[in-house]
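Enquirer: I would like the atomic coordinates for the input below:
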Amino acid sequence: MPRYSMVWRDIAGCYAALALGLAAVLVLDSRAGDAAGWAAAVPAAVWIGYWLHSLFLFGHEAAHRNLAPRRPWNDRLGDWLVWILYGSTTAEYRRTHMAHHTQLGNHRDPETTYHLCLSVINILKGLTGVHVLEVMLRNRRNARRAPGGRRQGGGTALASLRTVAVHAALLSALVLGGALPAATAWAAGTAAVFPLCALLRTVVEHRHLDAPCETDFTQVEHGPVNRLFGVGPISRTFGAAGFNRHLLHHWDPAISYTRFDEMEQFFLRTPLADRMSESRTSYPAALKQLIKEAS
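Expert: Numbering: from 1, shown residues only. The predicted model follows:
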């Protein structure tokens, strides 16, 4: 069973970090002048996008019923405290994500961001939100093909409107309050940094390190790839909700990230220990190799 107190501590930490990023810009803008506020907007945007990405991963935990013991409450909490910022719902995400676990690496996998190499063009797509639009269109096509697709699409549309309303309300409050640097930091963090973080994480988790950009994985099957990353502070936040040990999650998707320490220790006493050792790397090392392959 998940350690629910740990889950909600981590979710609260994400929200606290987001509030801290906005507060830093607001304080500098009001006390040190516009120049300081605008100077702080750039690092604040990076900070906000980073923590939005970390919070987003708890939507994944909701899909695996790891936010609360009872499924109805798990889904409601996921919808209103996580997915409300990301234009989907726990149930909508669960429908496609479970297929990702059973079909990873083949042509039936609905989550195919790892098909992209880390070329300049694809990184720019991540920064400009183009990749997010591509993913949204792909998910909508997949939803329509599924049984009851029209009803599912309606749920996604309503969730998207709710998300737009939340972000618009926050940005309007900041703009009307004269906090333009803070509004810019939130907008850039949401629309540019967060999508880039999501793109980089997914590619680093699942793409073959030596896969050339020229390979068309819509024609050639990629094959399943999972990795184990470090457990330091950076890995834990970038890989929030246990994504830094994604191999373990794919071995047993029902296990909460709050139990990965015990899970890892168990597998280290089995013949799978060698497989774990081969899969170990770090985010910087894998990222460096993927960028080198794409250049």
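Enquirer: Am I right that Asp79 is in contact with Thr89?
Expert: Yes - contact criterion CB atoms under 8 Å: Asp79 and Thr89 qualify, at 5.0 Å. Yep, even glycine has a C-beta here, placed from its N, CA and C like the rest.
Enquirer: Can you spell out which helices and strands pack onto the one helix or strand Ala188 maps to?
Expert: Element membership for Ala188, per DSSP states H and E: helix 180-188. Counting contacts by 3 or more CB pairs under 8 Å, 6 or more residues apart in numbering; DSSP states H and E, the secondary-structure elements packed against helix 180-188 are helix 4-32, helix 34-63, helix 149-176.
Enquirer: Would you format those helices as JSON lines with distance to Ala285 and mean pLDDT included?
Expert: JSON lines is the format used below for the helices and strands packed on helix 180-188 (distance: least, CB to CB, whole Å; pLDDT from 0 to 100):
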{"stretch": "helix 4-32", "distance to Ala285": "25", "mean pLDDT": "94"}
{"stretch": "helix 34-63", "distance to Ala285": "19", "mean pLDDT": "95"}
{"stretch": "helix 149-176", "distance to Ala285": "34", "mean pLDDT": "84"}
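Enquirer: neighbours of Pro43, just the number please.
Expert: 13 (other CB atoms under 10 Å).
Enquirer: how about stretch 228-245: buried residues?
Expert: When neighbours are counted by 16 or more other CB atoms under 10 Å, the buried residues of stretch 228-245 are found to be 228-230, 235-245.
Enquirer: So of these, which two are at opposite extremes in space?
Expert: Pairwise distances across those peak at 16.6 Å for Leu228 and Thr237 (criterion: CB to CB).
Enquirer: circling back to that earlier point, quick one: contacts of the helix holding Ala188?
Expert: Contacts of helix 180-188 from elsewhere in the structure, counted by CB atoms under 8 Å, 6 or more residues apart in numbering, are 21-22, 25-26, 29, 34, 37-38, 40-42, 44-45, 48-49, 167, 170-171, 174-175.
Enquirer: same deal with stretch 21-40?
Expert: Residues contacting stretch 21-40 (CB under 8 Å, 6+ apart): 41, 44, 47-48, 51, 174, 179-182, 184-186, 189.
Enquirer: rewinding a little: which one of Asp79 and Thr89 has more residues nearby?
Expert: Shown here are Asp79 and Thr89; by other CB under 10 Å, Thr89 has more neighbours (26 against 19).
Enquirer: What separation do you get for Ala241 and Val193?
Expert: Applying CB to CB, to the nearest Å, one obtains 19 Å for the distance of Ala241 from Val193.
Enquirer: and the nearest residue to Gly105 once chain neighbours are set aside, how many neighbours does it have?
Expert: In space, and not counting its chain neighbours, Gly105 is closest to Pro224: 3.7 Å by CB to CB, 6 or more residues apart in numbering. Taking other CB under 10 Å as the criterion, the count of residues near Pro224 is 12.
Enquirer: quick thing: my sequence starts at 26, can you match it?
Expert: Will do, 26 is the new start, and the previous item becomes Pro249.
Enquirer: List the contacts of Pro249.
Expert: Neighbouring residues of Pro249 by CB under 8 Å, 6+ apart: Leu129, Gly130, His231, His275.
Enquirer: Make sure the third one is actually in contact with Leu129.
Expert: Same thing as His231. Yes - between His231 and Leu129 there is a contact at 7.2 Å, judged by CB under 8 Å.
Enquirer: Who has more neighbours out of these two?
Expert: Counting neighbours by other CB under 10 Å for His231 and for Leu129 shows that His231 has the greater number, 24 against 18.
Enquirer: how many neighbours does the closest residue to the more buried one other than its chain neighbours have?
Expert: In space, not counting the residues next to it along the chain, His231 is nearest to Tyr139; the distance is 3.7 Å by CB to CB, 6+ apart. Counted with other CB under 10 Å, residues neighbouring Tyr139 total 21.
Enquirer: circling back to that earlier point, packed most tightly, which of the helices and strands packed on helix 205-213 would that be?
Expert: Looking across the helices and strands packed on helix 205-213 with neighbours counted as mean count of other CB atoms under 10 Å, the highest average goes to helix 59-88: a mean of 21.
Enquirer: any idea how far Trp33 lies from Leu92?
Expert: Shown here: Trp33 relative to Leu92, a distance of 8 Å by CB to CB.
Enquirer: cool, and Phe292?
Expert: Distance check for Phe292 against Leu92: by CB to CB, it reads 25 Å.
Enquirer: Comparing those two, which shows the higher neighbour count?
Expert: Neighbours per residue, other CB under 10 Å: of Phe292 and Leu92, the larger number sits with Leu92, 26 against 17.
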